[in-house]
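**Student:** sequence first, predicted coordinates after that:
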Amino acid sequence: QDADRDLSHLEPKFADRLKRFTDLLDVDLPHEYILTEGYRSTERQKYLYESGRSRPGMIVTKADGVRRVSRHQLGLAADFAFLDKNGKVTYEGSWDIFGALARKARLKWGGDNVDFYDRPHVEYDSRASLAGKEWYWAVANGITNGNPNDLVTRGEAVKLLFATAHMIYKEIDRRIEAKK
C-alpha cells in the first residue's frame, strides 16, 4: 500500500499545472516540502478509507474508492507535507502561503474545502478535460480503470453508453414514481 509519487501517473494537464505549482513553492515557500502522494489505485484508496473506521487511526478521506471515487484515483489530485530542519515530514508550516500559491497555480486547495478541511491536498478541476459525473460513475462501476492516461476501449465505451442510458431511465422511473 505504498504512496505513488510518480508525476507521469497523473493526468497530463494536472501534472503540468502541478509542476507550475511546485515552481512557485520553490521560490516563495519559506521551507522545504515533499509530494507525499499523487495517483492512487482503488486498493490504496480503500485502505486509506479504512483508517479511523475499520482500523485504528484518524479519518483521512471521505472517498471509499468505489461508491465515492477520489480525485487521486483519477490522477487529478496530490498531497504534500513540509520537511522540518532534520528532513522529517511535518504538517506544521505555512499553509496560508501554500494555499495562496495553489490558487495562483489555478489549483483547488483542500484548505478551502468547507466539508472536509484538507490543507495538504491540491487538485485539478477535471470537468474541463473529462466527462464529469459519468466518468466518476464509470470508474466506480468498473467500466474503466480510472487512469485518465489510459485509453478507453471500444467495449468500455459501449458499456458506458448503455450504463448512462440505464441511469437516465432509472431517473425517469424515479421521478414518475415520486409523482404518484
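**Tutor:** Structure's in. What do you need? Residues are numbered from 1 along each chain as shown.
**Student:** low pLDDT regions in the chain?
**Tutor:** 125-158, 160 (pLDDT under 70).
**Student:** how about the helices in it?
**Tutor:** Assigned by DSSP state H, the chain shows helices spanning 12-28, 42-50, 95-104, 133-140, 154-179.
**Student:** output those helices in TSV; the columns should cover mean neighbour count and distance to residue 114.
**Tutor:** In short, each C-beta sits where N, CA and C put it, glycine included. Shown next, in TSV, are the helices of the chain (neighbours: other CB atoms under 10 Å; distance: least, CB to CB, whole Å):
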stretch	mean neighbour count	distance to residue 114
helix 12-28	16	22
helix 42-50	18	21
helix 95-104	17	14
helix 133-140	18	20
helix 154-179	11	27
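**Student:** quick one, which of these is nearest to residue 74?
**Tutor:** Each of the helices of the chain has some distance to residue 74 by CB to CB; the shortest is helix 133-140, at 6.9 Å.
**Student:** between the helices of the chain, which one is closest to residue 4.
**Tutor:** When the helices of the chain are compared by CB to CB, helix 42-50 sits nearest residue 4, at 7.7 Å.
**Student:** given the lengthiest strand in the chain, what are its sheet partners and their directions?
**Tutor:** Ranked by residue count, the top strand of the chain under DSSP state E comes out as strand 77-83. As defined by DSSP bridges, the strand partners of strand 77-83 come to strand 33-37 (antiparallel), strand 89-90 (antiparallel), strand 121-123 (antiparallel).
**Student:** list of residues touching the last one?
**Tutor:** Contacts to strand 121-123, defined as CB atoms under 8 Å, 6 or more residues apart in numbering, come from residues 14, 18, 21, 71, 76-80, 102, 107-110.
**Student:** before we move on, the earlier item: in the longest strand of the chain, what's buried?
**Tutor:** 77, 78, 79, 80, 81, 82 (16 or more other CB atoms under 10 Å).
**Student:** again, but for stretch 67-75
**Tutor:** 69, 70, 71, 72, 73, 74, 75.
**Student:** pull the distance from it to the chain's centre.
**Tutor:** Relative to the centre of its chain, stretch 67-75 is centred 5 Å away, using CA atoms, centre = their mean, to the nearest Å.
**Student:** and that stretch, end to end?
**Tutor:** Stretch 67-75 has an end-to-end distance of 17 Å (CA to CA, to the nearest Å).
**Student:** could we number from 3 for the rest of this?
**Tutor:** In the new numbering, first residue 3, that becomes stretch 69-77.
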